[in-house]
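S.K.: The amino acid sequence is not available; the structure is as follows:
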C-alpha cells in the first residue's frame, strides 16, 4: 500500500517545493494538488458534503496545479506528481495537452493526470464549459489530447473541439501517455474509466463502496477485453487514520492519499511529520 499526500497550495501556504522535498524524504509516494482557476463571487451551487453549503475560501486561493507540480518536480526524484483533480471542461485541450506533457517530461515520467468534470456550475460556465454535458465534453477533450500525445501530426474533429493537423510537443515521457485517473462518484464513472481511463480516484467514498467498485471495474474490464489488473484504484482526500487506510487496502485500493492542511511552513511540516508517524510505520 502506497501513501501519498494532497494539499491546496496558495500564496500564503508552505512553498510546494519545500513540502514535496520533505514528503519524498519521509517516504510518501505521491503529491496531489487540485485546481479551481477562479471562484465566482456569487454562486447558487452548494459546496458538496457541507452542512451549510459554503465553499471554503481556499478554493479561491489555490495556485495553478501544473506550475506547482513543475516546481515540485525540480526538487524530487521519486515522488509521483498528480493533479487531484484537473477540471478538464474549464481548459482548452490543445494547451492542456502541452502542460501535461511538459510536467511529465520535466519529472521524468512521474505524472498522473487526475481529472474531473467539476461540480461548480457557475465556474464551469464562466470558463466556457458545457456544465449539463460536462462529462461528454471531458471525454472528447481527453480523446483529443491522446491524439496530441501520441501522433506527430495530430487532428481531431468533434462537437466541442475541432482542429486540423497540428504539431504538439513535447511528447510525454510515459508512453503512450501519462495515466488518466477519473475522480468522483458520478453514476457512470466506472464505465468511463474502462472506456477511456486508466484508474479511479474517488474521495467521498467508503471502503465498502470501493470494494463494490473494484468488483464492477473487474467485470467491466473483462467484458471490454482489458486486463482488470491494469485498472487502478487510488482513494484521495482521506484523514491520517491507519485503521481506515487498512480497510481501504482490504477493499482493493493500491494507493491512499491523505490530506495535509493549507498552512505555513512550520505548521505544515509539523503536520506532515505527525502524518508520517501515523501512516508510514
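M.R.: Ah, there it is. Treat the numbers as computed from the prediction; the structure is a model and nothing was measured.

S.K.: Just the element for residue 152, please.
M.R.: In this assignment (DSSP states H and E), residue 152 forms part of neither any helix nor any strand.

S.K.: gap between it and residue 175?
M.R.: Distance of residue 152 to residue 175, given as CB to CB, to the nearest Å: 14 Å. C-betas here are computed from N, CA, C, even on glycine.

S.K.: check contacts around residue 28.
M.R.: For residue 28, the contact set (CB atoms under 8 Å, 6 or more residues apart in numbering) comprises 3, 4, 5, 79, 276, 280.

S.K.: which of those has the most neighbours?
M.R.: Among the contacts of residue 28, residue 5 has the most neighbours (other CB atoms under 10 Å), with 25 neighbours.

S.K.: Show me the contact partners of the strand or helix carrying that residue.
M.R.: Applying DSSP H and E as the criterion places residue 5 in strand 2-6. Identification of contacts with strand 2-6 by CB under 8 Å, 6+ apart yields 19, 23, 28-34, 80, 82, 84, 234, 236-237, 245, 254-260, 272, 275, 279-280.

S.K.: Now, of the residues you listed, which are buried?
M.R.: Neighbour counting with 16 or more other CB atoms under 10 Å marks 19, 23, 28-34, 80, 82, 84, 234, 236-237, 245, 255-260, 272, 275, 279 as buried within the contacts of strand 2-6.

S.K.: Tell me where the model's unsure across this protein.
M.R.: The chain contains no residues with pLDDT under 70.

S.K.: how about the helices of the protein, start to end?
M.R.: Under the criterion DSSP state H, helices of the chain are mapped to 16-26, 58-61, 65-73, 93-106, 121-126, 134-150, 189-196, 207-224, 242-251, 265-279.

S.K.: can you put those in TSV and add distance to residue 164?
M.R.: Putting the helices of the chain into TSV (distance: least, CB to CB, whole Å) gives the following:
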stretch	distance to residue 164
helix 16-26	37
helix 58-61	37
helix 65-73	26
helix 93-106	12
helix 121-126	27
helix 134-150	12
helix 189-196	23
helix 207-224	31
helix 242-251	46
helix 265-279	47
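
S.K.: Of those, which is nearest residue 169?
M.R.: Closest approach to residue 169 among these is made by helix 93-106 (7.5 Å; CB to CB).

S.K.: got a list of contacts for that closest one?
M.R.: Here helix 93-106 makes contact (CB under 8 Å, 6+ apart) with 66, 69-70, 73-74, 81, 86, 88, 110-111, 113, 141-142, 144-145, 148-149, 161, 163, 166, 168-174, 177-178.

S.K.: one more time with 6 Å, if that's ok
M.R.: Defining contact as CB atoms under 6 Å, 6 or more residues apart in numbering, one finds that helix 93-106 is touched by 66, 69-70, 73, 111, 113, 141, 144-145, 148, 161, 168, 170, 172-174, 178.

S.K.: Let me know the angle separating that helix from helix 134-150.
M.R.: Inter-element angle recorded for helix 93-106 and helix 134-150: 50 degrees (by axes from the mean of the first three to the mean of the last three CA atoms, to 10 degrees).
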